[in-house]
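J.: here is my input, please return the structure:
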Amino acid sequence: MVTLAEVARHAGVSASTVSYVLSGKRPISAVTRRRVTASIEQLGYQPHAGARALASSRSRIIALMVPLRTDMYVPVMLEIAVAVATTARAHGYDVLLLTGEEGPSALRRVTGSGLAEAVILMDVQLDDGRLPVLRTAGPPAVLVGLPADPAGLNCVDLDFRAAGALCVDHLAGLGHREIAVIGESPGVYARHTGFAERTLSGLRSRAAEREVRMLHRPCEGSHDAVAGVLARILDERPHVSAFVVQNETAVEPLLALLRRTGRAVPEDVSVVAVCADQIAAQASVPLTSVAIPAQELGRRAVERLIARLTGRPDGEGAAGVELLTPVLTVRDSSGPPPPPRTPGA
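T.: The predicted structure is shown next:
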């Protein structure tokens with residue numbers, strides 16, 4: 001491994017001069033800087049991360065807090081995490097992945113040790129216990145999610161409230177007047193997870209505006225759980241003509257159960273989902289859906305954080321909320337409701 005002293009000898013300068021070129025702590029002439037930089041490139045020198053952090057008081061590490069809970073759809077969470085890591089690396093940062101459910105204690109541990117100089121938080125709840133830590137003595141941070149009170153915080157997310165409204169508008173425009181929502185697992189709502197609560201709020205408010213009857217039922221993702229929820233929905237609302245699904249693991253069980261009960265999609269019943277595009281497009285019946293822009297969320301979170309760390313004057317680093325506009329893609333699973341049956345038919 002090439003050492004700093006070897007770079008200094010190759011460039012014909014002192015070791016301290018190489019150190020100042022790397023850290024930027026002292027002005028170095030352009031000629032000397034170019035000579036040192038050329039030697040670094042020719043020799044393939046890589047500064048030691050720990051020494052660099054001590055010298056600059058910057059670790060160039062971003063902590064990503066992404067609790068991997070059993071009642072959440074992990075592939076979408078990991079897709080965001082991969083986008084965070086890829087974008088951070090492009091800016092010269094590494095990512096420390098924290099997947100436990102320690103909450104505020106993990107955040108205090110990371111910030112107190114100086115291990116990471118910035119934090120990205122996922123799985124944000126409306127009243128998230130990690131936020132007081134950020135607001136008092138926390139490092140620069142970006143939330144992938146939106147709490148109930150985002151004042152003073154830097155947040156980026158899909159506009160899930162608008163996504164819910166978009167689903168209702170699509171179905172109401174087709175003529176549906178009774179819809180059922182198969183939602184996330186009960187634990188997601190018990191924690192008041194932001195994306196699920198805001199989607200439900202958008203669904204309910206737009207259903208009221210469009211005079212559409214709506215029934216919401218949380219649901220575990222197993223086949224048996226979906227079967228039980230579907231049976232209860234059809235018992236309570238036998239005239240339901242459309243479903244909105246915000247639960248990736250419930251998609252295929254629902255489609256299979258509708259077929260088993262003799263309900264064709266979309267001739268007898270329509271299905272719209274809020275989910276990853278890949279799931280919607282590859283479903284047994286390609287689903288009309290609002291996509292979760294996982295890669296874009298990860299990329300935007302890092303860019304907002306880098307803007308904060310570098311003090312960029314374009315406003316991206318300032319506290320505030322950025323909500324990505326939802327897009328509904330029409331596929332094969334939605335159509336007009338069936339005509340009402342005549343007595344004796």
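
J.: which residues does the nearest residue to residue 247 once chain neighbours are set aside contact?
T.: Excluding its sequence neighbours, the residue lying closest to residue 247 (Cβ to Cβ, 6 or more residues apart in numbering) is residue 184, at 5.3 Å. Where C-beta positions appear, they are placed from N, C-alpha and C, glycine not excepted. By Cβ atoms under 8 Å, 6 or more residues apart in numbering, residue 184 lies in contact with 71, 193, 196, 218, 219, 246, 247.

J.: got those residues as a markdown table, with distance to residue 105 and secondary structure columns?
T.: Converted to a markdown table, the contacts of residue 184 look like this (distance: Cβ to Cβ, whole Å; DSSP: H, G, I helix; E, B strand; the rest coil):
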| residue | distance to residue 105 | secondary structure |
| --- | --- | --- |
| 71 | 21 | coil |
| 193 | 20 | strand |
| 196 | 24 | helix |
| 218 | 28 | coil |
| 219 | 31 | coil |
| 246 | 30 | coil |
| 247 | 30 | coil |
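
J.: so which of these is the most crowded?
T.: Most neighbours among the contacts of residue 184, by other Cβ atoms under 10 Å: residue 246, with 29 neighbours.

J.: what sits closest to it if chain neighbours are left out?
T.: Using Cβ to Cβ, 6+ apart, the nearest residue to residue 246 is residue 274, at 4.4 Å.

J.: how many other residues sit next to that neighbour?
T.: A count of neighbours around residue 274, defined by other Cβ under 10 Å, yields 30.

J.: that one: helix or strand, and which one exactly?
T.: strand 270-275 (DSSP states H and E).

J.: mind listing the strands that strand pairs with, and their directions?
T.: Take DSSP bridges as the rule and strand 270-275 pairs in its sheet with strand 242-245 (parallel), strand 288-291 (parallel).

J.: closest one to residue 62 among these?
T.: Closest of the strands paired with strand 270-275 to residue 62 is strand 288-291, at 25.5 Å (criterion: Cβ to Cβ).

J.: coming back round to it: which one of the contacts of residue 184 is nearest residue 20?
T.: Of all those, residue 193 has the smallest distance to residue 20: 48.4 Å, by Cβ to Cβ.

J.: do you have the helices of the stretch 1-150 of the chain handy? List them.
T.: 4-11, 15-23, 30-43, 49-56, 74-90, 104-113, 131-137 (DSSP state H, counting those that start in this stretch).

J.: and residue 64, which of those is closest to it?
T.: helix 74-90 (5.5 Å).

J.: and the angle for that closest one with strand 270-275?
T.: With axes from the mean of the first three to the mean of the last three Cα atoms, to 10 degrees as the basis, helix 74-90 and strand 270-275 are set at 40 degrees to each other.

J.: give me the contact list for helix 74-90.
T.: 62, 64, 66, 68, 94-95, 97, 120, 122-123, 144, 248, 276, 292, 294-299, 301-303.

J.: pull out the buried members of these.
T.: Buried residues within those, counting neighbours by 16 or more other Cβ atoms under 10 Å: 62, 64, 66, 95, 120, 122-123, 144, 248, 276, 292, 294, 297-299, 301-303.

J.: just to revisit the earlier point, and the residue nearest to residue 246, what does it touch?
T.: By Cβ under 8 Å, 6+ apart, residue 274 lies in contact with 160, 163, 164, 167, 199, 244, 245, 246, 289, 290, 292.

J.: these two touch, right, residue 20 and residue 32?
T.: No. Using Cβ atoms under 8 Å, residue 20 is not in contact with residue 32, being 9.4 Å away.

J.: more neighbours: which of the two?
T.: Of the pair residue 20 and residue 32, residue 20 is the one with more neighbours under other Cβ under 10 Å, namely 19 against 16.

J.: check the burial of the nearest residue to the more buried one once chain neighbours are set aside by counting its neighbours.
T.: Counting by Cβ to Cβ, 6+ apart, residue 26 is the residue found nearest to residue 20 once chain neighbours are left out, at 4.4 Å. Using other Cβ under 10 Å, residue 26 has 10 neighbouring residues.

J.: how about residue 304?
T.: 26.

J.: could you confirm it falls within a strand?
T.: No. Under DSSP: H, G, I helix; E, B strand; the rest coil, residue 304 sits outside any strand and is assigned helix.

J.: pretty sure it contacts residue 154?
T.: Yes. Contact criterion Cβ under 8 Å: residue 304 and residue 154 qualify, at 5.8 Å.

J.: pLDDT at the residue nearest to residue 20, what is it?
T.: Note on residue 26: pLDDT of 75.

J.: next secondary structure after the host helix or strand of residue 163?
T.: Assigned by DSSP H and E, residue 163 falls within helix 160-174. Under the assignment DSSP H and E, the closest C-terminal helix or strand after helix 160-174 is strand 178-182.

J.: quick check: angle from that next one to helix 160-174?
T.: Going by the same axes, to 10 degrees, strand 178-182 makes 150 degrees with helix 160-174.

J.: so in that sheet, which strands flank strand 178-182, and in what orientation?
T.: Strand 178-182 is paired, per DSSP bridges, with strand 213-217 (parallel), strand 242-245 (parallel).

J.: please identify the deepest-packed of the ones you listed.
T.: strand 242-245 (a mean of 28; mean count of other Cβ atoms under 10 Å).

J.: picking that back up, what comes up buried for the helix holding residue 163?
T.: 160-172, 174.
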